[in-house]
Every structure is written in structure tokens, then in C-alpha cells.
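# sharing a model that was predicted from the sequence below.
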Amino acid sequence: MSDIRVRFAPSPTGYLHVGGARTALFNWLLARKQGGTFILRIEDTDVERSTQESVDAILQGMQWLGLDWDEGPFYQSDNFPLYKEYIQKLQDQGKAYKCYCSAEELEAKRELAMKEGRKPKYDGTCRCRADQPAGQPYVVRFRAPQEGSTSFDDLIKGTITFPNEELDDLIIQRTDGTPTYNFCVVIDDAIMRITTVIRGDDHVNNTPRQIQLYEALGFPVPQFAHVPMILGADKTRLSKRHGATSVIAYRDMGFLPEALVNYLVRLGWSHGDDEIFSREEMIQKFDIGNVGRSASVFNTDKLLWLNAHYIKTGDPARLAELLTPFLVERGINPHSGNPDLATVVKTLQERARTMIEMADGSLFYYRTPESYDAAALSKFTKEHLLAVYEAVALTLGKSTTQTAPEIDALFKELCAEKGWKMPQVGQPVRIALSGGTQAPGIGEIIATLGIQETVLRLDRVRDHILTCQ
RNA sequence: GUCCCCUUCGUCUAGCCCGGCCCAGGACACCGCCCUUUCACGGCGGCGACACCGGUUCAAAUCCGGUAGGGGACGCCA
């Protein structure tokens, strides 16, 4: 047990994307490993872009991934009075001041500075201003130290130092009186007593300013850990044009949450040569210090491999449950009679990389084939097919076997008896039962389908051959 | 432009802090072979990288310096 306190603080302007999910995961892992507290905080200070739908989507994503939080969700917007209080305090202490420069003026100065090759920072026009023009719109700026440097020991990146002259007097309160992000995070993290801030490394540049704020406010400075970005295949920042980025989209594409989590944890972090981690192993082995310093590319192939692994080793009953919505989507109600869905799942676990593939692969169990793979069928003569189907139907009809191995043995016997090779029998029967050539083992199919249905399908395929050829 | 960060197989990475065990290990993908009643699973093997240049050293992926490339930030967004 420790008193480590971490937080995940997304802004509700969209769904939970994989980058955010990984940041959340690292926070969660650290908290769980150390017996600390994981807090969820919604950063909705941007009233314009924040939506309730986004909040719901983020919570849904977190829940699906199994990232449970101990406190929250808290909303930044609930703390507005508190922010005001601290802004006033800073002003009273002379650590912040009113700035009457207009946004347009500043924008112009910024552009000019850029063009002249100077750092586009605030020029300090109002920093030492004595008068306070009444009725004029103003923002409140933090009076930042102008000399020396600010540095911190990043848990992931090591020591990072910024010369203070690079940092300008940032705005902490807008013209409309609302506080800005860099100020709110500091207050929130301070009052929530966050000990370790784990976030995306696009925040590295904000960190020295925030540290100055902590110090000005008299709050203890937390530790920081900046996790590198996730890139698309072309090594640019991951975005929609790289395909799905929402974790819920991965669910809908038939991925298992444990596969995504396992994939995400290995993106940037490693533990020797280990690839597969159960939740417990992840928690036990995770170490924020082992997170890599460079950005990594999101690779769907590897995710697919992990997903296949978890499907292969998953509990059939649970997989059956997860599979159900995909079947319903395909117009099948798997609970209305045979075959048993968990049994179906078992025959497909080694053949499906996603729940979508599994759903597609299981359709034939619930729907008698409407057509047969003609090319595959054409490899055999009509006479041979009819002979096989008749013999198999006969054998099956008088047998009482139930299990796949027993049925497979039956086929072997039949082959020996008739002088057929296994492929000469297996393939035609597979086509008869599933319509195509890619399906589970013959014994598995028949055991799952049941003898009765099997014989029915054999009759059907015989009719088909008789009438169509 | 300025500041900050990053750089090992196509991709994820081990190794780097504490130089030699590394002519660099694992995984995904790819290729080949085997297994096999189809498709898969699985097994075996192959391809494939220390960004570059200098320095230190008996010895450098590992330490130091520089160069190049990439990314991020520079908002009254978060």
C-alpha cells in the first residue's frame, strides 16, 4: 500500500482513442501495482467543445477496457470558483497581473516575431503597467520568473531543463473570466494531491510553466512521466485516416478488451522478451521507468495476433456471449435451439482472429448452405460424390457416436472399407455441410451439428448434384 | 525561427545506466519446410537493424562530442 495518487484527465471532445487509453492504462497500472489511487477527471474547461456524449463515450471505453477508477469522475467545470480564488490570491501577491492587450494585437505580434525569427512569446507590455483602466477587458497573466531555469526529472525521459527566458507570462484567466487549462490542471492536481502525473509527451513543454505555478502557489510539485505518442503506419500522429482510433471501434471490429490492453501495454513498454501478459502479470511487472522514450507505430497485425491468442485460449462460454451481438447483427438468434453456441465457438477458436471472423465462420451452423462451392465440388466426379454421400449418410444413420474423435474414427473406418483416401471423403462432406472448403474438422462439424441435421444436409446436397449437374 | 524531445530488423522491442557474455536476442509480418481431412493451429528454419561522423578504450549498440533526420511545443485549445 502506498499513498501514490495518479489521474487520467481526458478532455471530453471525442471518444476515447487508443493513445488516451494507453495513458489511462499506464496510470491504472501504476496505481494498482503500488496500491495507490487512480482518479478520473474530466477536463471540460473548454465549454465550447465539451459534450456529454464524449464523456459517456470515454467512460464506456474505460469500462470496456476494465480500467476502473477509485475516485471521480470529477469535472473541472465544478471547480470554477476555486480557480477564481487562487487567481485572486496570485494577483493579491503580485504574482499575477491584468493584461489589457487584445487578442488581435497579440496575434499580430506573434506573427511578426515568427517572421523575424524571434521566439513568439509575450513581450511583457502590461507586466509593469501601473494604471488599471476601468471597464477595459483584460486577461490575467502569471508573472513568470525571467531568469534562471526550470527543470524536472521525468520518470520516463530523464532530466529536462528549460531556460526561463523561453517561457513567457502565460494567461491564466481569459477575458470572459474563465481560467485556462495550464492553470486548472495545476490547481486540480494540487488539491487532488496527485503525486505522479502521467500524460502524453505533448505536455512536456507545459511542464515548466506548471512547475512555476505550483511553486508560486506554494504547492508541492508532483513527479512527471511523459509517455511518447502513438503514430500511424506512416509515422505521423495517429489519426482517423490511419483507420480506427477509438477503442470502442476495436470492440465493434471484434477485438477482445484483454487483447487491446495487452497490445497497448507493450507499445512503449516491455518486460524482457515477454509478449503475453495477464492483468495480474501486467500489474506485477509494470514499471513506469521501463517505458521507452520514443514514439511507436500502431501495428494492427500484432494486435490481430494477440486477439487470436486470446480467442484461442479464451473461455468458450464467455466468447459465446461476446459473439452473440455479432451473430444477431447477421440475423441469427443463437439461443433458439441447436447447435449450442459454446460448442460452435470451440470449433472456431483456432480459426478466428476476431469475433467478426468467428461470427462469419459460424454462420453455416445456423443456416443450411444455400449454395455449394462449385469449383471445389468439381474436383470430384458426380458418381464419387453420390457414393460418398450415400455411404456417409448410411454410416452415420446407424451409428450412435457423439464425439468428434469418434466420428473421425468412423470416417477412417469407412475409408478403409471403401478404399477411399480421407481427402476424397472429408472434402465432399465438408462442402455438403458448410457449403465451402474452409471449415472446422469433419468430426467437429458433425458433432456440433448433430447426426440428424448432418444427414438432412447430405440429402440436400445429393438433390443438388442430381438436379444441377 | 526558437526551445524541448527522439533515433537498434518493415513494425513492437531486449540489450545501453554498471563498456567485453552482442559479427546484437525475442515478437508480429513475410518466405520456405513439416504436420494435416479443408481452412486454420502448431513445430522447425530463413530473411532482416545498432542513423551518420569523429573521439575515449586493449575492447563501444553501450561512454563523450558533433552532424543529419524525425517529432513536439511556441493559443484568451486541452
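Structure's in. What do you need?
# let me see the contact set for the nearest residue to A:Ala225 once chain neighbours are set aside.
Leaving aside its sequence neighbours, A:Ala225 sits nearest to A:Leu155 (C-beta to C-beta, 6 or more residues apart in numbering; 3.7 Å). In this view, the C-beta of every residue, glycine as well, is placed from N, C-alpha and C. Neighbouring residues of A:Leu155 by C-beta atoms under 8 Å, 6 or more residues apart in numbering: A:Thr196, A:Ile198, A:Gln223, A:Phe224, A:Ala225, A:Ile288, A:Gly289.
# now A:Leu155: how far from RNA strand B?
As judged by C-beta to the nearest atom of the strand, to the nearest Å, A:Leu155 and RNA strand B stand 12 Å apart.
# how about A:Glu275?
Noted for A:Glu275: a distance of 5 Å to RNA strand B, by C-beta to the nearest atom of the strand.
# ok, A:His226 touching A:Ile156?
Yes - A:His226 lies in contact with A:Ile156 (C-beta atoms under 8 Å); the separation is 5.7 Å.
# who touches both of the two?
A:Asp201.
# enumerate the residues of the stretch 101-250 of chain A near RNA strand B.
Counting by C-beta under 7 Å from any atom of the strand, the stretch 101-250 of chain A comes close to RNA strand B at A:101-103, A:106, A:110, A:114, A:117-122, A:137, A:139, A:157-158, A:160-163, A:166, A:168, A:171, A:174-176, A:180-182, A:201-206, A:229, A:231, A:235-237.
# where along the stretch 251-400 of chain A do the helices fall?
A:257-266, A:279-285, A:300-313, A:316-329, A:341-348, A:355-366, A:374-377, A:382-397 (DSSP state H, counting those that start in this stretch).
# now swap in the stretch 101-250 of chain A and tell me
Counting by DSSP H, counting those that start in this stretch, one finds helices in the stretch 101-250 of chain A at the ranges A:103-115, A:181-191, A:207-217, A:247-252.
# and the helices of the stretch 251-400 of chain A as a markdown table, adding distance to RNA strand B?
As requested, the helices of the stretch 251-400 of chain A are exported to a markdown table (distance: least, C-beta to the nearest atom of the strand, whole Å):
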| stretch | distance to RNA strand B |
| --- | --- |
| helix A:257-266 | 5 |
| helix A:279-285 | 12 |
| helix A:300-313 | 4 |
| helix A:316-329 | 15 |
| helix A:341-348 | 9 |
| helix A:355-366 | 8 |
| helix A:374-377 | 8 |
| helix A:382-397 | 12 |
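# lowest-confidence stretch among those helices?
Among these, helix A:374-377 carries the lowest mean pLDDT, at a mean of 87.
# that helix packs against which elements?
Applying 3 or more C-beta pairs under 8 Å, 6 or more residues apart in numbering; DSSP states H and E, we find helix A:374-377 packed against helix A:422-434.
# I'd like to check the angle between the next helix or strand after the helix it packs on and helix A:382-397, please.
Downstream of helix A:422-434, the next assigned helix or strand under DSSP states H and E is helix A:442-449. Here helix A:442-449 runs at an angle of 60 degrees relative to helix A:382-397 (axes from the mean of the first three to the mean of the last three C-alpha atoms, to 10 degrees).
# quick one, the next helix or strand after helix A:442-449 and helix A:442-449 angle?
Sequence order places helix A:451-468 as the next helix or strand after helix A:442-449, per DSSP H and E. Orientation of helix A:451-468 against helix A:442-449 (the same axes, to 10 degrees) gives an angle of 110 degrees.
# quick one: is helix A:451-468 near RNA strand B?
No - Helix A:451-468 stays clear of RNA strand B (C-beta under 7 Å from any atom of the strand), getting no nearer than 13.6 Å.
# list the buried residues of that helix.
Within helix A:451-468, the residues that count as buried by 16 or more other C-beta atoms under 10 Å are A:Ile451, A:Glu453, A:Thr454, A:Val455, A:Arg457, A:Leu458, A:Arg460, A:Val461, A:Arg462, A:His464, A:Ile465.
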